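Here's my sequence, what's the structure:
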Amino acid sequence: MRSRLTVDVVGCGEIAQIMHLPFLLERSDVCTVRAVCERDPHVLKGVAERFGVAAAFTDHREMLESAPADVLVVLTSGDHAPIIHDALDAGMDVFVEKPLCYSTRDAREIARRAKELGRTVMVGYSRLFDTAFDALREAVEAEPGPVCLRAEAALPMDYYYRAHLDVVRPLGWTPPEAAPEWGGSWDYLREEVLFNLAIHEVYCLRVLTGVDRPEILTASDVLDRRGVEVSWRSGDDLHVSMSVLTLDTIAGGYVEEFRAVTGSRTHVLEYPSIYLKHVPARLTTTGLRGGALVTESALGSYTSPFRAELDHFFDVVLDGRPCLSPAEDAAHDVETLNRVWAAAKDRRADPR
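Numbering: from 1, shown residues only. Next up, the predicted model:
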């Protein structure tokens with residue numbers, strides 16, 4: 001019989017309430033949520049009551065000092081390096097929402113320490129746990145000739161994709177009317193466009209290509225740092241491009257897709273907003289068959305990738321299965337994102 005793990009959770013915002021906490025409670029066969037931590041006292045109290053968690057803290061260090069659990073689930077925004085190190089110091093395995101951290105040096109140090117201590121640090125790369133993504137990866141691996149991969153995302157202000165969900169929010173909170181002004185900010189490009197949003201495209205492209213450190217050909221900001229356009233390659237047979245754009249309204253809707261063009265077929269994987277539960281991804285393949293152009297389409301699993309990634313994490317910790325998104329792999333993505341950011345800045349600074 002499998003052991004039951006105790007779990008501490010730090011970060012009780014929207015994605016935690018909508019996805020992670022409900023799925024953790026569903027897995028009561030393998031885990032018990034011991035404590036939650038959130039800086040906002042009103043949100044903390046509401047979440048602890050709603051999900052039936054007895055222990056609640058506003059400081060994760062205090063939480064870890066009070067008989068830490070087996071596992072820390074990190075769901076805060078921003079740079080996670082300090083919290084991860086505190087958890088490793090406490091002898092815990094860690095599931096951490098992306099990004100692992102902002103610094104390449106920090107990412108490598110986390111990976112080194114996790115290996116040295118024999119602990120799992122798994123990054124929440126939800127797209128990797130979608131069955132439609134598995135189908136695309138298998139299709140790309142089976143193609144014998146040159147492949148051109150294109151990742152494209154146009155991401156609107158997404159509040160209205162989750163407005164229908166019941167979420168505990170800070171006192172005085174009001175719905176946003178538009179996204180904040182961001183033009184001209186290199187910090188916005190790095191932290192929001194790259195490390196919060198484009199990271200999904202980067203890790204998916206890394207897995208699809210098998211290239212950990214791509215040779216970046218071009219990198220530029222788009223619409224005054226509201227987005228980024230990047231291209232890279234591996235030899236003569238693999239060309240990759242990526243475009244990620246943030247929008248300040250819901251105009252245009254949500255677009256996120258991966259397109260693989262080969263000598264014989266075109267594969268297109270389309271994702272819905274992550275906030276829409278039970279809406280699967282769709283993979284469409286077009287190619288010649290028997291002299292006719294044939295298009296086939298298939299849906300991915302209706303199981304949420306957020307549930308699937310937590311299931312995988314428990315399999316890794318309890319059964320010793322290989323981790324699909326360890327800190328070692330995430331360190332490659334942190335490095336790539338920092339290189340893209342630096343290349344985009346250098347391009348702006350180059351008078352040519």
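
Hmm, residue 111 is touching residue 121, no?
Yes - if you go by C-beta atoms under 8 Å, residue 111 and residue 121 touch, sitting 7.3 Å apart. To be clear about C-beta, it is placed using only N, CA and C from the backbone, and glycine gets the same treatment.

So for the two, which sits in the more crowded spot?
Using other C-beta atoms under 10 Å as the criterion, residue 111 and residue 121 rank with residue 121 on top: 28 against 20.

ok, now how distant is that one from residue 84?
Separation of residue 121 from residue 84 (C-beta to C-beta, to the nearest Å) stands at 6 Å.

so what's in contact with these two at the same time?
Counting by C-beta atoms under 8 Å, 6 or more residues apart in numbering, the residues touching both residue 121 and residue 84 are 94, 96, 100, 110.

Buried subset of these, written for PyMOL?
Filtering the shared contacts of residue 121 and residue 84 down to the buried ones (16 or more other C-beta atoms under 10 Å) takes a single PyMOL command:
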select buried, resi 94+96+100+110
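
Out of the shared contacts of residue 121 and residue 84, flag the one nearest to residue 225.
Nearest to residue 225 among the shared contacts of residue 121 and residue 84: residue 100, at 23.0 Å, using C-beta to C-beta.

Now that closest one: closest residue in space, sequence neighbours ignored.
residue 330 (4.1 Å; C-beta to C-beta, 6 or more residues apart in numbering).

Next, count neighbours for the one you found.
The number of residues packed around residue 330, counting by other C-beta under 10 Å, is 26.

what residues are up against it?
98, 99, 100, 107, 111, 123, 125, 203.

Which of the three states applies to residue 109?
Applying DSSP: H, G, I helix; E, B strand; the rest coil to residue 109 yields a three-state assignment of helix.

residue contacts, it?
Each residue near residue 109 by C-beta under 8 Å, 6+ apart is listed here: residue 81.

So for it, what's the pLDDT?
We have a pLDDT of 98 for residue 109.

go on, residue 183?
The model's pLDDT for residue 183 equals 69.

Could you do residue 49 as well?
For residue 49, pLDDT reads 98.

Name the helix or strand for it, please.
helix 41-51 (DSSP states H and E).

Show me what that helix is packed against.
Under the contact definition 3 or more C-beta pairs under 8 Å, 6 or more residues apart in numbering; DSSP states H and E, helix 41-51 sits against helix 21-26, strand 31-37, strand 55-57.

Output the top helix by length along the chain as PDB, nothing but the C-alphas.
Assignment by DSSP state H gives helix 327-349 as the longest helix of the chain. In PDB, the C-alpha atoms belonging to helix 327-349 read as follows (Å, rounded to 0.1, in the frame of the first residue of the first chain):
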ATOM      1  CA  ALA A 327      14.900  21.300 -12.000                       C
ATOM      2  CA  GLU A 328      17.700  20.100 -14.300                       C
ATOM      3  CA  ASP A 329      15.500  20.600 -17.300                       C
ATOM      4  CA  ALA A 330      13.900  23.800 -16.100                       C
ATOM      5  CA  ALA A 331      17.400  25.300 -15.700                       C
ATOM      6  CA  HIS A 332      17.800  25.000 -19.500                       C
ATOM      7  CA  ASP A 333      14.600  27.000 -20.000                       C
ATOM      8  CA  VAL A 334      15.700  29.700 -17.500                       C
ATOM      9  CA  GLU A 335      18.900  30.100 -19.400                       C
ATOM     10  CA  THR A 336      17.100  30.300 -22.700                       C
ATOM     11  CA  LEU A 337      14.700  32.900 -21.500                       C
ATOM     12  CA  ASN A 338      17.500  35.000 -20.100                       C
ATOM     13  CA  ARG A 339      19.400  34.700 -23.400                       C
ATOM     14  CA  VAL A 340      16.400  35.800 -25.400                       C
ATOM     15  CA  TRP A 341      15.900  38.800 -23.100                       C
ATOM     16  CA  ALA A 342      19.500  39.900 -23.400                       C
ATOM     17  CA  ALA A 343      19.400  39.400 -27.200                       C
ATOM     18  CA  ALA A 344      16.300  41.500 -27.500                       C
ATOM     19  CA  LYS A 345      17.900  44.300 -25.400                       C
ATOM     20  CA  ASP A 346      21.100  44.200 -27.500                       C
ATOM     21  CA  ARG A 347      19.100  44.400 -30.700                       C
ATOM     22  CA  ARG A 348      17.400  47.600 -29.400                       C
ATOM     23  CA  ALA A 349      20.700  49.000 -28.400                       C
END
